[in-house]
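Q: The sequence isn't on hand, but the structure is:
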């Protein structure tokens with residue numbers, strides 16, 4: 001018999017826990033409920049039937065899904081795999097969340113935009129992805145919304161951290177090997193630390209669990225821009241990394257146009273995202289990208 005006045009501990013299912021965001025989420029969500037880590041040994045995301053059965057077995061209150069196909073250039077030729085992880089899996093989670101009366105927190109990307117806007121993008125701006133990765137992430141957003149489940153879609157950008165594959169680790173490796181690097185200077189966005197994403201997500205999840213109210217989700221379900229404040233170019237990001245991590249031993253960083261560094265997938269020139277909606281809904285202001293980088297490098 002359930003004790004009077006005792007609220008059952010909510011279950012929070014987290015996917016992609018070996019990735020840079022999922023790894024941090026496991027730590028940031030501690031204390032908010034029973035956090036269940038779903039790695040590949042427990043949940044093969046290529047098996048949609050298994051995805052559904054795991055959700056039905058666990059009956060989570062909230063599903064947090066950072067798992068994604070993030071190899072942007074490879075996605076151009078690996079379309080089916082990208083669509084499976086970025087669109088079909090989120091649809092399955094959303095459908096199961098709707099069936100359970102649970103909520104889904106999902107991450108998307110600045111690459112849903114074409115980058116031609118002069119100012120910062122707001123959530124209601126028209127999307128126009130220029131590569132397969134951005135297209136399949138947008139399909140995931142649309143699939144989630146179509147289910148009508150309680151959901152938050154958090155668009156982030158230029159994610160980095162101290163594990164996995166990302167720009168920060170690539171620069172630190174190359175900077176230790178070469179005296180000079182050429183880095184793209186005409187694409188602008190907000191480098192966003194994986195721990196910033198996880199910590200801010202935990203604040204939102206805490207608010208949702210404290211409210212324990214369908215109206216809370218009804219008023220807030222939708223898309224939010226979820227990046228660090230400020231903006232820089234890839235060249236500016238590289239210079240900041242080297243200035244803080246290597247000082248006088250830093251390599252020379254030469255600015256180049258994106259046209260001098262051809263890659264299979266086209267990237268947007270402008271990835272700046274406005275955070276006004278996020279602040280209004282949750283009272284959150286993510287730190288400036290440069291301040292977060294200092295914290296990351298000090299760990």
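A: Right, received. Where do you want to start? As the structure is a prediction and not an experimental result, all values here were calculated from the model.

Q: can you confirm residue 223 is in a helix?
A: No. According to DSSP: H, G, I helix; E, B strand; the rest coil, residue 223 belongs to no helix; its state is strand.

Q: which residues does it contact?
A: Contacts here follow Cβ atoms under 8 Å, 6 or more residues apart in numbering; on that basis residue 223 touches 108, 123, 141, 153, 155. For every residue, glycine as well, the C-beta is placed using N, CA and C.

Q: Pick the one among the residues you listed closest to residue 185.
A: The nearest member of the contacts of residue 223 to residue 185, counting by Cβ to Cβ, is residue 155 at 23.6 Å.

Q: The closest one bridge partners, please.
A: Beta-bridge pairing for residue 155 (DSSP bridges): residue 108, residue 225.

Q: Give me the neighbour count for it.
A: Counted by other Cβ atoms under 10 Å, the residues lying close to residue 155 total 24.

Q: doesn't residue 275 make contact with it?
A: No. Counting by Cβ atoms under 8 Å, no contact exists between residue 155 and residue 275, whose distance comes to 10.3 Å.

Q: Could you name every residue contacting both of those two?
A: When contacts are counted by Cβ under 8 Å, 6+ apart, residue 155 and residue 275 are jointly contacted by 225, 226, 227.

Q: now the first one: how far from residue 20?
A: It stands for residue 225. Distance from residue 225 to residue 20, counting by Cβ to Cβ, to the nearest Å: 19 Å.

Q: Equivalent analysis for residue 295, please.
A: Look at residue 295 and residue 20: by Cβ to Cβ, they are 15 Å apart.

Q: between the two, which one's more packed in?
A: residue 20 (25 against 12).

Q: OK, contacts around the spatially most central residue of the chain?
A: Residue closest to the average C-alpha location in the chain (Cα atoms, centre = their mean): residue 107, at 4.3 Å. Going by Cβ under 8 Å, 6+ apart, residue 107 touches 21, 65, 66, 68, 153, 154, 155, 156, 197, 226.

Q: Which residue, neighbours along the chain excluded, lies closest to the third one?
A: Here the nearest residue to residue 66 in space, its sequence neighbours aside, is residue 21; by Cβ to Cβ, 6 or more residues apart in numbering that works out to 4.0 Å.

Q: The one you found: what's it in contact with?
A: Taking Cβ under 8 Å, 6+ apart, we find residue 21 in contact with 66, 107, 159, 161, 194, 197, 198.

Q: ok, now residue 232?
A: Residue 232 makes contacts with 188, 189, 190, 191, 240, 289, 290, as judged by Cβ under 8 Å, 6+ apart.

Q: Which stretches in the chain count as helices?
A: For the chain, the helices defined by DSSP state H cover 20-28, 48-58, 79-83, 89-100, 132-147, 167-177, 194-211, 214-220, 234-245, 276-282, 289-298.

Q: Let's have those in CSV, adding distance to residue 261.
A: CSV is the format used below for the helices of the chain (distance: least, Cβ to Cβ, whole Å):
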stretch, distance to residue 261
helix 20-28, 23
helix 48-58, 37
helix 79-83, 22
helix 89-100, 31
helix 132-147, 17
helix 167-177, 13
helix 194-211, 24
helix 214-220, 40
helix 234-245, 9
helix 276-282, 32
helix 289-298, 21
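
Q: Save these as TSV, and put in distance to residue 264 and mean pLDDT too.
A: Formatted as TSV, the helices of the chain follow (distance: least, Cβ to Cβ, whole Å; pLDDT from 0 to 100):
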stretch	distance to residue 264	mean pLDDT
helix 20-28	23	97
helix 48-58	27	96
helix 79-83	12	98
helix 89-100	23	98
helix 132-147	9	98
helix 167-177	17	96
helix 194-211	25	97
helix 214-220	37	94
helix 234-245	17	97
helix 276-282	32	98
helix 289-298	26	97
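
Q: can you tell which of these is closest to residue 112?
A: Relative to residue 112, the nearest member of the helices of the chain by Cβ to Cβ is helix 132-147, separated by 4.5 Å.

Q: Enumerate the positions of the closest one that are buried.
A: Using 16 or more other Cβ atoms under 10 Å as the test for burial, helix 132-147 gives 132-141, 143-144, 147.

Q: now the angle from that helix to helix 89-100?
A: On the basis of axes from the mean of the first three to the mean of the last three Cα atoms, to 10 degrees, helix 132-147 is oriented at 10 degrees to helix 89-100.
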